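> Next comes the sequence, and after it the predicted model I'd like to discuss.
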Amino acid sequence: MAKTQIIPDKDALARVGAMVRKRLDADPRAYRIETEKADLYAVGEFMTIRECERLCTMIDFVAKPSSLHEEDYASGFRTSYSGDLDPWDSFVMGISRRIDDVLGLPSENGEAVQGQRYLPGQEFKPHNDWFYTTQDYWKLERKRGGQRCWTAMVFLNDVEEGGETHFTEIGIKIEPKPGVLLVWNNALPDGTPNPDTIHAGTPVGKGSKYIITKWYRTRKHR
């Protein structure tokens, strides 16, 4: 008899996914993007242009070459610049809490808001936000709050050319529009990680691209 695969945090991912999906479906501000492959929503005018501009300036102060668990900047997999924004800054705290409220998730389950900046030629190749639990880094992430459930991303500026968020398996590209909040569930309804949430930050052709991202865990993030 085949051994049943144990999927960490599966029950929590299913529970949180259903709760947030119900909340977003009832929110008149949230537009469900048409796909059967993932829970994917957009909220227009989530932030004002002035708020976006202020965050862009803050990102410039903290930005450094981006890295991943498995890859470093030199690999060319993720060539943006990024940095965590000060979680105790009152402005950042206010934005973060507004994102919490849209999703209905506890603030303590969220990671620090990260700012990202892409200049011409910079990109983030196709990747998933959920953790691969067979990798060594999972031993640490399991203790730091467990699996990532939902991702929230806010576009902060118009990009002259390129810089779309491309969900490669779903087959859609989302053009950056300042102030738009994009959120998606990293798991399927049964709580297993959703491979169709693989996405890329396509190369910027002209101009620059600024975004903030907040990832949520199934438990309190440490």
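Happy to help now that I have it.

> Could you pull up phi and psi at Ala14?
As for Ala14, its main-chain torsions (degrees, to the nearest 10) stand at phi -70, psi -40.

> you'd agree it is up against Gly191?
Yes. Contact status for Ala14 versus Gly191: in contact at 3.4 Å, counting by Cβ atoms under 8 Å. C-betas here are computed from N, CA, C, even on glycine.

> So which of the two has more stuff around it?
Gly191 (22 against 17; other Cβ atoms under 10 Å).

> Could you tell me the per-residue confidence at the more buried one?
Per-residue confidence (pLDDT) for Gly191: 98.

> so it, which of the three states?
coil (DSSP: H, G, I helix; E, B strand; the rest coil).

> I figured it hits Pro8, correct?
No. With contact defined as Cβ under 8 Å, Gly191 does not count as touching Pro8 (9.9 Å).

> which residues touch the nearest residue to Thr192 once chain neighbours are set aside?
Spatial nearest neighbour of Thr192, excluding adjacent residues (Cβ to Cβ, 6 or more residues apart in numbering): Ile7 at 5.6 Å. The contact partners of Ile7, by Cβ atoms under 8 Å, 6 or more residues apart in numbering, come to Thr133, Gly191, Thr192, Pro193.

> Likewise for Ile49?
Here Ile49 is in contact with Pro178, Gly179 (criterion: Cβ under 8 Å, 6+ apart).

> where in this structure is pLDDT low?
1-5, 68-75 (pLDDT under 70).

> where along it do the strands fall?
30-32, 40-43, 64-65, 81-84, 114-118, 124-127, 148-155, 161-162, 165-167, 172-174, 181-185, 199-201, 204-206, 209-217 (DSSP state E).

> Can you tell me which helices and strands the first one packs against?
Taking 3 or more Cβ pairs under 8 Å, 6 or more residues apart in numbering; DSSP states H and E as the contact definition, the neighbouring helices and strands of strand 30-32 are helix 10-25, strand 40-43.

> right, and Ala18 touches Leu188 too?
No. Contact status for Ala18 versus Leu188: not in contact, 11.2 Å apart, counting by Cβ under 8 Å.

> Neighbour count for these two, which is higher?
More neighbours surround Leu188 than the other of Ala18 and Leu188, with 19 against 14 (other Cβ under 10 Å).

> isn't the more buried one right up against Asn194?
Yes. Counting by Cβ under 8 Å, Leu188 touches Asn194, with 4.8 Å between them.

> Which strand residues bridge the residue nearest the centre of the chain?
Centroid-nearest residue in the chain, with Cα atoms, centre = their mean: Thr151, separated by 3.5 Å. Taking DSSP bridges as the rule, Thr151 bridges to Trp184, Trp215.

> And it, how close does it get to Gly205?
As judged by Cβ to Cβ, to the nearest Å, Thr151 and Gly205 stand 25 Å apart.
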